[in-house]
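J.: What follows is a predicted protein model with its sequence.
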Amino acid sequence: MEVGEGVVIVGAGIAGLTTSLGLHRLGIRSLVLESSDSLRTTGFALTIWTNAWRALDAIGVGDRLRQQHDSLLGNVVSSTISGLQLFEMSFKEKGKHGDHEIRCVRRKLLLEALASELPSGTIRFSSKVVSIEESGYYKLVHLADGTILKAKVLVGCDGVNSVVAKWLGFKPLVFTGRSAIQGSAEYTTSHQFDPKMMQYFGNGVRSGVIPCDSKNVYWFFTWSPSSQEKELEKNPVQLKQYMLTKLGKLPDEVRAVMENTVLDAFISSPLRYRHPWEILWGNISKGNVCVAGDALHPMTPDIGQGGCAALEDGIVLVRCLGEALLKNRREEIREEGEEGKEEFKRIEIGLNKYASERKWRSFDLISTAYVVGVIQEADGKVMTFLRDKVFSSILSGSLLKKADFDCGKLRSS
């Protein structure tokens, strides 16, 4: 059965829901296809930096999330070899776009905030895309249940294994040689952590804890596993025990967060990314198809910008696509063939503009995250000395520098 649709968005993650909600704010309907049977909350929490709060405010959900999460005051970096603090940076300094704002946001609450603002029926769950084909000025989106959607615009926000990115010609992602464990600990009473990001480096390991609110703490652990250690990912009990032996000289209260996390409250995954030069050479958009979020710029988590960049993508995409779709409404309806051609051209121009705006930003974030991760997890006396004595302040400063960005509003004027 073939069903006609306007804008079809593949993936109900951060980028997909942001794009759909932004279009809704402009009065443009979209359909969001999600392969799972509910919102995906994998990852537990993420740091939302200044640039992403501007995006959340642009779609009208920023204040709701502020009420649910504590503002972070700074970043503290310590060595797990010596146990000593290496550097502390305040988040109170001003950027070129104004004051900084950083909070660790629970992913579930973020997705719920975005989804709850959408009209009923916008998200279609259990809808897996299996193939895409051309049909004149439309794209035919084939679903696993046999449904065929005829889309005027197709937006791939379907993550690191994106079907849409593959259709556009992007290569499979590259394994960095590193893996990450992420977890969340919930306290029955208030925890005693200061509202700061706490990071620990040493012996080829990076770890940290970040409070979300008075009772929830997010934590992470990244390392470069051997082939034998990769097998531990299949056994949560052994993986947790291994991680605890690698933490080094962490404060007891920080170690306790990870020790007391139940087995179903953490996950492990290999860290993959897209070569940044592929962003420059590849097709971010083609005709009436484009990608956003992790489908566009999968990156390592070392500067905390993956989810933030997805929010930026959504705002920029809505602004560029909205101009094309709203102009179509205002213009006089012409003969179907001619009108379809003009509409396709406007959409193509809008998506090309989006791709142009996001290309270098994506390149910059992927590259910076990769380099920062390599330095932070570096092992050996020379690199450890340079990281602890020279690079700590530079790496911490890069967090605020990359967050000092304004993606703009939903409308260009």
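T.: Happy to help now that I have it. Numbers count the residues shown, from 1 in each chain.

J.: where does this structure dip in pLDDT?
T.: 1, 328-339, 382-393, 413 (pLDDT under 70).

J.: tell me, what residue is most central in it?
T.: Centroid-nearest residue in the chain: residue 307, 2.2 Å away (criterion: CA atoms, centre = their mean).

J.: and the gap between that residue and residue 320?
T.: Distance, residue 307 to residue 320, by CB to CB, to the nearest Å: 21 Å. Bear in mind the C-beta positions are built from the backbone N, C-alpha and C, glycine included.

J.: go on, residue 24?
T.: Residue 24 sits 16 Å away from residue 320, going by CB to CB.

J.: Any idea how far apart the tips of stretch 208-221 sit?
T.: With CA to CA, to the nearest Å as the measure, stretch 208-221 spans 7 Å from end to end.

J.: Now it: buried residues?
T.: Residues 208, 209, 210, 211, 212, 213, 216, 217, 218, 219, 220, 221 are the ones in stretch 208-221 that count as buried (16 or more other CB atoms under 10 Å).

J.: if I pick the last one, what's in contact with it?
T.: This points to residue 221. For residue 221, the contacting residues are 180, 181, 205, 206, 207, 243, 246, 247, 258, by CB atoms under 8 Å, 6 or more residues apart in numbering.

J.: what are the bridge partners for the fifth one, then?
T.: Per DSSP bridges, residues listed as beta-bridge partners of residue 207: residue 200, residue 221.

J.: so who does it touch?
T.: 80, 199, 200, 219, 220, 221, 222, 247, 250, 258.

J.: do residue 275 as well
T.: 171, 174.

J.: Go ahead and confirm residue 182 touches residue 267.
T.: Yes. With contacts counted by CB atoms under 8 Å, residue 182 reaches residue 267, the gap being 5.9 Å.

J.: now the strands for the stretch 201-350 of the chain?
T.: 205-211, 216-223, 266-273, 285-286, 289-291 (DSSP state E, counting those that start in this stretch).

J.: Residue 308: neighbouring residues, count only.
T.: 27 (other CB atoms under 10 Å).

J.: What sits closest to it if chain neighbours are left out?
T.: Excluding its sequence neighbours, the residue lying closest to residue 308 (CB to CB, 6 or more residues apart in numbering) is residue 52, at 3.7 Å.

J.: Which element, helix or strand, includes that neighbour?
T.: helix 50-58 (DSSP states H and E).

J.: Now do the residue nearest to residue 308 against residue 58, distance only.
T.: In terms of CB to CB, residue 52 sits 10 Å off from residue 58.

J.: Settle it for me: which of the two has more neighbours?
T.: Each of residue 52 and residue 58 had its neighbours counted (other CB under 10 Å), and the higher figure belongs to residue 52 (31 against 25).

J.: returning to what we had before: between residue 24 and residue 320, point out the one with more neighbours.
T.: Remark: of residue 24 and residue 320, residue 320 carries more neighbours, 23 against 17, as counted by other CB under 10 Å.

J.: Am I right that that one is in contact with residue 354?
T.: Yes. If you go by CB under 8 Å, residue 320 and residue 354 touch, sitting 4.0 Å apart.

J.: From residue 92, how far off is the residue nearest to the centre of the chain?
T.: Residue 307 is 23 Å from residue 92, where distance means CB to CB.

J.: ditto for residue 168
T.: 42 Å.

J.: got the contact list for the residue nearest to residue 308?
T.: 307, 308, 311, 312, 403.

J.: Including distance to residue 283, could those residues go into a markdown table?
T.: Below are the contacts of residue 52 laid out as a markdown table (distance: CB to CB, whole Å):
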| residue | distance to residue 283 |
| --- | --- |
| 307 | 24 |
| 308 | 24 |
| 311 | 23 |
| 312 | 20 |
| 403 | 28 |
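
J.: Kindly indicate which of those residues lies nearest residue 358.
T.: Comparing those against residue 358 with CB to CB places residue 312 closest, at 7.7 Å.

J.: and the gap between the closest one and residue 17?
T.: From residue 312 to residue 17 the distance is 14 Å (CB to CB).

J.: more neighbours, these two?
T.: Comparing residue 312 with residue 17 by other CB under 10 Å, the one with more neighbours is residue 17, at 33 against 29.

J.: so what's that one up against?
T.: Contacts of residue 17 by CB under 8 Å, 6+ apart are 32, 111, 114, 115, 118, 123, 314.

J.: and the fourth one, what element?
T.: The reference is to residue 115. helix 107-116.

J.: picking up where we left off before, and the contacts of residue 221, which of them are buried?
T.: Looks like these have 180, 181, 205, 206, 207, 243, 247, 258 buried, using 16+ other CB under 10 Å.

J.: Let me have those residues in a markdown table, extended by distance to residue 366.
T.: What follows is the buried ones among the contacts of residue 221, written out as a markdown table (distance: CB to CB, whole Å):
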| residue | distance to residue 366 |
| --- | --- |
| 180 | 16 |
| 181 | 22 |
| 205 | 23 |
| 206 | 18 |
| 207 | 23 |
| 243 | 26 |
| 247 | 28 |
| 258 | 28 |
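
J.: out of those residues, who's nearest residue 363?
T.: For these, the nearest to residue 363 is residue 180 (22.2 Å; CB to CB).

J.: And the closest one, how close does it get to residue 207?
T.: For residue 180 relative to residue 207 (CB to CB), the value is 10 Å.

J.: and for the two, which residues touch both?
T.: Joint contacts of residue 180 and residue 207 (CB under 8 Å, 6+ apart) are 220, 221, 222.

J.: just curious, which of the residues you listed is nearest to residue 155?
T.: residue 220 (29.4 Å).

J.: Could you double-check that the closest one sits in contact with residue 180?
T.: Yes. Using CB under 8 Å, residue 220 is in contact with residue 180, at 6.3 Å.
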